[in-house]
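*Asks:* Got a predicted structure here, sequence first:
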Number of protein chains: 2
Amino acid sequence: MERSFRCLPEMNKYTEVKKKGFSSRDVASMAGVSQATVSRVMNRPDCVKEETRIRVMQAMERLHYQPNLIARSLVMNSTRTIGLISGNLTNVFFVETTDSIENYVKGQGYKTIIYFEKEEVKLKDIVDSLISQKVDGILLSSIKLNDPIFEGIKRCGIPYVFFNRRPGEEGNYVVLDNELAGQMATSHLLNLGHERIAYISGKLDISTFHERKIGFEKAMRMAGKRILDGLVHFVNPDEGVIGEITGRLMSLQAPPTAILCATDALALSCMDTLMSHGLDVPGDVSLVGIDDTKLSSHQAIQLTSVGHHGFRMGQLAAGILIDLIESGCRPHQDRQIILPPKLVIRKTSGQIRLKK
Amino acid sequence: MERSFRCLPEMNKYTEVKKKGFSSRDVASMAGVSQATVSRVMNRPDCVKEETRIRVMQAMERLHYQPNLIARSLVMNSTRTIGLISGNLTNVFFVETTDSIENYVKGQGYKTIIYFEKEEVKLKDIVDSLISQKVDGILLSSIKLNDPIFEGIKRCGIPYVFFNRRPGEEGNYVVLDNELAGQMATSHLLNLGHERIAYISGKLDISTFHERKIGFEKAMRMAGKRILDGLVHFVNPDEGVIGEITGRLMSLQAPPTAILCATDALALSCMDTLMSHGLDVPGDVSLVGIDDTKLSSHQAIQLTSVGHHGFRMGQLAAGILIDLIESGCRPHQDRQIILPPKLVIRKTSGQIRLKK
DNA sequence: CTGAAAGCGCTTACAG
DNA sequence: CTGAAAGCGCTTACAG
């Protein structure tokens, strides 16, 4: 558009688009009643005389009338929508939570707007967008430790629940006891005789990874084992560098006899690389994940893992959120659930073997 | 609530809920301008005097103002939202499409409302809900052959694209050449010397399954092989009966030497059962899927499959939808893409072995 | 460059 | 039981 035109009345690109449907006013005039009555037929049918109600309903049918929920939301100040900001679906764990969350909230009569986190998109923008969209509540796994956005969420007063990750000790959340999970996974490997244990994790600005690492360190310390420098890696899981790291680990002079991955998703990538290098798991190296996703129990995978069903975590978080939404008042106490992890020993972890 | 009260003015449960935020009117009065000017600062900043604009923006900051998109949508008649009705995430294929769709439309400035199909929830209700919510377009994989809802979608005039499944020959869609895919998968097994081929599929009221079955039959016919009665099953994939079917197939007097599953998801379930029965794939029985999901290429799975990357299908469909939305006019020709399938031979299919 | 006014499609007190 | 009216928070033609 030319500069000189920029302040002319803008062409309304919607002008020529036909109306998207009929309004309650159209129904009203067809039925010979007021708009208020049409509204009542939808919301409080008991309060409308049967004869009138039938006439209105016939008009609705004839016009294929669909109420405009946007308009309703505006007056009701409620959208019956929750916003879900989730980790990417390339991580199986979030597949489980996304599925269970959508199903749960749908059952409660809510819709779900989803966002999958992405490097380029700032969390703040997503949250702002959700606030602007007037969602009734926000469910988010994508939060960093001490993320300043947490303040913004609290300030605006919109109900929220974190799941899987949390910004700190405060707030509403449902998480795994990650420290314990890390500890249990490590102890399992120690019990099998491993000492040279590699640890592959996501970045430590995320609570999950921060806490699991502490658990790992704690277990090693308690067993009196040293954590070996080149064996510990904190990477960005999205970048697909797991293959490279794994390759490097295994071509070390003294490669690890076991690898603990901070998530099942990482372990799966790791396993993929190990196997494509012709290595046997657990023959050549043991492998353990954390999260215990369903996929890990597949007979072809059989990944030893520690976790607490993801679908349950999603459902719990969604349940709390809806509770928060419907109770209306802002409770004075944060709602916090820390789930106990469970170790599930499968086929990827085995007794250490002596170097041939 | 007592019957006698039912027509009393309803307690407005929103009455006591504090406003969800500030409005442009609040900003206006703080900045000492009219609401119209605040609106202009957001939408056509060039048309506002710099001094005024700065004053308004400061007021916005101070109030942490977030525009109410609900109100804007109402006047603009556009929500910048698309509705996605997807198959369940328990099917890996839909994990890939969901992920790519959300990412693509987000990049185009649209939000995504998702629904995962579910036995209990009727498609019509979901579509109606989406129409009521005034989404700008609908993307759906969940459609049955000749589904009457297709008429409703066309009538209401909302842009739509089907992906993976289609209601028939008509409409906008992006699908795999399913018949060819079925044929290629079958031919592959025939070429390996298999004749006793089992076929496990979803119900035939879904185009994908209908067409893939035709491909299967065609390949068998062209090879002059008979399709054996007890070896063909059309089941509801959600019900987890795959295990049972697989078990029954393999305990037949003359079990199949190969199993073709109509989707990778089915093949994965099938493999799980086969392995848990101690059977070797492909030693005891070959296994082939259709969709070629990423998971199939994992070293621990290595499922032979035929397909066309799911993420591409999702992205193509989303691209067409947004094109349809933004072009505004209803094109006279349907937009249809039929993707060519590719056979990827991995480790689950092998030469037939003679019965010991 | 800016404001007053109308309108998007609903809902709900208020009267009758 | 029903209608007229006001209002939710925006946007935009129309005046000035």
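*Replies:* Perfect, thanks for sending it.
*Asks:* switch to C-alpha atoms for all contacts and neighbour counts from now on
*Replies:* Will do.
*Asks:* What residues does the residue of the stretch 1-150 of chain A found nearest chain B make contact with?
*Replies:* Closest residue of the stretch 1-150 of chain A to chain B, Cα to the nearest Cα: residue A:113 (4.5 Å). Shown in contact with residue A:113 (Cα atoms under 8 Å, 6 or more residues apart in numbering or on different chains): A:81-84, B:111-114.
*Asks:* That one belongs to a helix, doesn't it?
*Replies:* No - read with DSSP: H, G, I helix; E, B strand; the rest coil, residue A:113 is strand and lies in no helix.
*Asks:* Residue A:121: which of the contacts of residue A:113 is nearest?
*Replies:* The nearest member of the contacts of residue A:113 to residue A:121, counting by Cα to Cα, is residue B:111 at 13.3 Å.
*Asks:* Give me the local confidence score for that closest one.
*Replies:* pLDDT recorded at residue B:111 is 96.
*Asks:* can you check residue A:120 too?
*Replies:* Predicted confidence (pLDDT) for residue A:120: 83.
*Asks:* got the contact list for it?
*Replies:* Applying Cα under 8 Å, 6+ apart, no residues contact residue A:120.
*Asks:* Just confirm it is within a strand.
*Replies:* No - counting by three-state DSSP, residue A:120 is not found in a strand; it is coil.
*Asks:* can you redo the contacts of residue A:113 as CSV with distance to DNA strand D?
*Replies:* Output for these, formatted as CSV (distance: Cα to the nearest atom of the strand, whole Å):
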residue, distance to DNA strand D
A:81, 17
A:82, 19
A:83, 19
A:84, 22
B:111, 17
B:112, 20
B:113, 22
B:114, 25
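*Asks:* I'd like those as TSV, with distance to residue A:254 appended.
*Replies:* As requested, these are exported to TSV (distance: Cα to Cα, whole Å):
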residue	distance to residue A:254
A:81	54
A:82	50
A:83	48
A:84	44
B:111	50
B:112	49
B:113	51
B:114	49
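*Asks:* What's opposite the residue of the stretch 1-150 of chain A closest to chain B in the beta bridge?
*Replies:* residue A:83, residue B:113 (DSSP bridges).
*Asks:* Skipping adjacent residues, who's closest to residue A:233 in space?
*Replies:* residue A:200 (5.0 Å; Cα to Cα, 6 or more residues apart in numbering or on different chains).
*Asks:* The one you found falls within a strand, correct?
*Replies:* Yes - Residue A:200: assigned to a strand according to three-state DSSP.
*Asks:* just checking, it touches residue A:236?
*Replies:* No - using Cα atoms under 8 Å, residue A:200 is not in contact with residue A:236; the gap is 10.3 Å.
*Asks:* Compare these two (neighbour count), which wins?
*Replies:* Taking neighbours as other Cα atoms under 10 Å in any protein chain shown, residue A:200 and residue A:236 compare with residue A:200 leading, 26 against 13.
*Asks:* residues contacting that one?
*Replies:* With Cα under 8 Å, 6+ apart, residue A:200 has these contacts: A:232-235, A:259-262, A:266.
*Asks:* Which of the residues you listed sits closest to DNA strand D?
*Replies:* When those are compared for distance to DNA strand D (Cα to the nearest atom of the strand), residue A:235 wins out at 40.9 Å.
*Asks:* What parts of chain A come near DNA strand D?
*Replies:* Contact residues (Cα under 7 Å from any atom of the strand) of chain A with DNA strand D: A:9-12, A:32-37, A:46-49, A:51-53, A:71, A:74-75.
*Asks:* Counting neighbours, which of those residues end up buried?
*Replies:* A:33, A:35, A:37, A:48, A:52-53, A:71, A:74 (16 or more other Cα atoms under 10 Å in any protein chain shown).
*Asks:* Which residue in the residues you listed has the weakest pLDDT?
*Replies:* The lowest pLDDT within those belongs to residue A:48, with 90.
*Asks:* Contact partners for residue A:310?
*Replies:* A:93-94, A:96-97, A:291-293.
*Asks:* try 10 Å this time
*Replies:* A:92-100, A:163-164, A:176, A:291-294, A:316 (Cα atoms under 10 Å, 6 or more residues apart in numbering or on different chains).
*Asks:* mind listing what residue A:241 touches?
*Replies:* Counted by Cα under 10 Å, 6+ apart, residue A:241 has contacts A:235, A:247, A:269-270.
*Asks:* try residue A:110
*Replies:* Listed by Cα under 10 Å, 6+ apart, the contact set of residue A:110 reads A:79-82, A:102-104, A:136, A:322.
*Asks:* so how far is residue A:135 from it?
*Replies:* As judged by Cα to Cα, to the nearest Å, residue A:110 and residue A:135 stand 10 Å apart.
*Asks:* what do these two both touch?
*Replies:* A:79-82.
*Asks:* Tell me the most packed of the residues you listed, by neighbour count.
*Replies:* Most surrounded of these: other Cα under 10 Å gives residue A:82, at 29 neighbours.
*Asks:* Pretty sure residue A:305 sits in a strand.
*Replies:* Yes - under three-state DSSP, residue A:305 falls within a strand.
*Asks:* Just want the residue of the stretch 201-350 of chain A that's nearest DNA strand D.
*Replies:* residue A:328 (17.0 Å).
*Asks:* okay, that residue: pLDDT?
*Replies:* pLDDT, read off for residue A:328, is 77.
*Asks:* Also residue A:236?
*Replies:* At residue A:236, pLDDT is 90.
*Asks:* Enumerate every residue touching it.
*Replies:* Counted by Cα under 10 Å, 6+ apart, residue A:236 has contacts A:201-204, A:242.
*Asks:* State the number of residues packed around residue A:130.
*Replies:* Residue A:130: 25 neighbours (other Cα under 10 Å).
*Asks:* for it, helix, strand, or coil?
*Replies:* Three-state assignment for residue A:130 (three-state DSSP): helix.
*Asks:* Spatially nearest residue to it (excluding sequence neighbours)?
*Replies:* residue A:83 (6.4 Å).
*Asks:* Repeat that for residue A:91.
*Replies:* Once flanking residues are discounted, residue A:91 sits nearest to residue A:265: 5.3 Å by Cα to Cα, 6+ apart.
*Asks:* That neighbour should be in a helix, yeah?
*Replies:* Yes - counting by three-state DSSP, residue A:265 is found in a helix.
*Asks:* For it, which residues are in contact?
*Replies:* For residue A:265, the residues meeting the contact criterion (Cα under 10 Å, 6+ apart) are A:90-94, A:237, A:271, A:289-293, A:295-296.
*Asks:* Any chance you could note which residues of the stretch 201-350 of chain A sit beside chain B?
*Replies:* Residues of the stretch 201-350 of chain A lying close to chain B (Cα under 10 Å from any Cα of the partner chain) are A:268-269, A:271-278, A:294, A:297-302, A:326, A:328-330.
*Asks:* And the buried ones among these, selectable in ChimeraX?
*Replies:* The buried subset of those, as determined by 16+ other Cα under 10 Å, is captured in ChimeraX by this line:
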select /A:268,269,271,272,273,274,294,297,298,299,300,301,302
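*Asks:* Give me the subset of the residues of the stretch 201-350 of chain A next to chain B lying in helices.
*Replies:* The members of these that map onto helices under DSSP state H are A:268-269, A:271-276, A:326.
*Asks:* Can you point out the helix or strand that includes residue A:337?
*Replies:* strand A:336-339 (DSSP states H and E).
*Asks:* Around DNA strand C, pick out the residues from the stretch 51-200 of chain A.
*Replies:* Counting by Cα under 7 Å from any atom of the strand, the stretch 51-200 of chain A sits next to DNA strand C at A:66-69, A:71-72, A:74-76.
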